[in-house]
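Visitor: Model the structure of this input:
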Amino acid sequence: MSTAPAFIALSLAGVDAQKFLQGQVTLHVERLEENTTRYTGICNLKGRLQFGLWLTKLNPERFVIVTTTDQADELAKHIQKFGAFSKMKLEVLGKVYPTLMDDCTNFAESETNVTAWQRAAIEAGQAWLNASSLNEFQPQELRLHQREGVHYDKGCYLGQEIVARLWFKAKPKHWLHLVQGQGAAPETASKLHNDVDVVNAIGTEQGYLALVVAKPQALVELGLEVLDLPEYLNGDVARPQA
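Guide: Okay, here's the model as predicted:
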């Protein structure tokens, strides 16, 4: 049975904070507008998302990072390891709660209905990762480029060579879909088919709603109803051809 996630906020502050993050996450941190939150990630060397996080730039020397509590410790260790010689400080701010605003999730210390957020985020195609789904998906498969969570014109970061090669020279065989199914909601990172992996799911009165990374034909074989995502997420995930 799928359970509602919990979130924790971290502060990363110092003169090297922006430079460090620019070399870690998939989005272009230098171009991120202040007080704007975007979902992004840190890849492993195989170009798959090792961590998923919401990043807010307060100014070039101070950032707020929000992630699910089940990956927070490992993320903190990663930052401390790769940022050991950077002039910045990582601090835990505490538990936070989400609210979906248009196409973005914002967080606050005051408690909100996380289950309601979970359903709204799934319906809006706002996929997120937790500990069980790390190192499974490429940014493009999750449509992160359509959410301004990955940019292909920035400098190097972990896994960048593979992520860029897939964008410029290939098309993913699997990508994010919103589906409605019957029965109990499947677990995150479970497989409904060899070509259908669950990213997020929640039970509904009619069965369940889920964001899955899948081949379209596999969804047909399973008899799942594919629902429309918001227009900006509903297009081809491949790079537009000139």
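
Visitor: Leaving out chain neighbours, which residue sits closest to residue 176?
Guide: The shortest distance from residue 176 to any non-neighbouring residue, by C-beta to C-beta, 6 or more residues apart in numbering, is to residue 143 (4.8 Å). Placement of C-beta: from N, CA and C, glycine included.

Visitor: what does residue 48 give?
Guide: Per C-beta to C-beta, 6+ apart, closest to residue 48 is residue 135, 5.2 Å.

Visitor: On the pLDDT front, check the residue nearest to residue 176 for me.
Guide: Looking at residue 143, its pLDDT is 97.

Visitor: you'd agree it is up against residue 238?
Guide: No - assessed by C-beta atoms under 8 Å, residue 143 is found out of contact with residue 238, at 11.2 Å.

Visitor: what's the offset of the longest strand seen in the chain from the middle of its chain?
Guide: Longest strand in the chain, counting residues (DSSP state E): strand 89-101. With C-alpha atoms, centre = their mean, to the nearest Å as the basis, strand 89-101 stands 15 Å off its chain's centre.

Visitor: Is residue 132 in a helix, a strand, or coil?
Guide: Under DSSP: H, G, I helix; E, B strand; the rest coil, the three-state class of residue 132 is helix.

Visitor: The closest residue in space to residue 130 that isn't next to it in sequence: neighbouring residues, count only.
Guide: In space, and not counting its chain neighbours, residue 130 is closest to residue 68: 4.5 Å by C-beta to C-beta, 6+ apart. Neighbourhood size, residue 68 [other C-beta atoms under 10 Å]: 21.

Visitor: low-confidence ranges in this structure?
Guide: 1-2, 242 (pLDDT under 70).

Visitor: still on that earlier bit, buried ones in the longest strand of the chain?
Guide: 90, 96-100 (16 or more other C-beta atoms under 10 Å).

Visitor: How about stretch 19-35?
Guide: Across stretch 19-35, burial judged by 16+ other C-beta under 10 Å covers 19-29, 32.

Visitor: Check whether residue 9 really touches residue 94, as I assumed.
Guide: Yes - using C-beta under 8 Å, residue 9 is in contact with residue 94, at 6.4 Å.

Visitor: Go through this protein and flag its longest helix.
Guide: helix 69-82 (DSSP state H).

Visitor: which strands and helices sit next to that helix?
Guide: strand 7-13, strand 49-59, strand 89-101 (3 or more C-beta pairs under 8 Å, 6 or more residues apart in numbering; DSSP states H and E).
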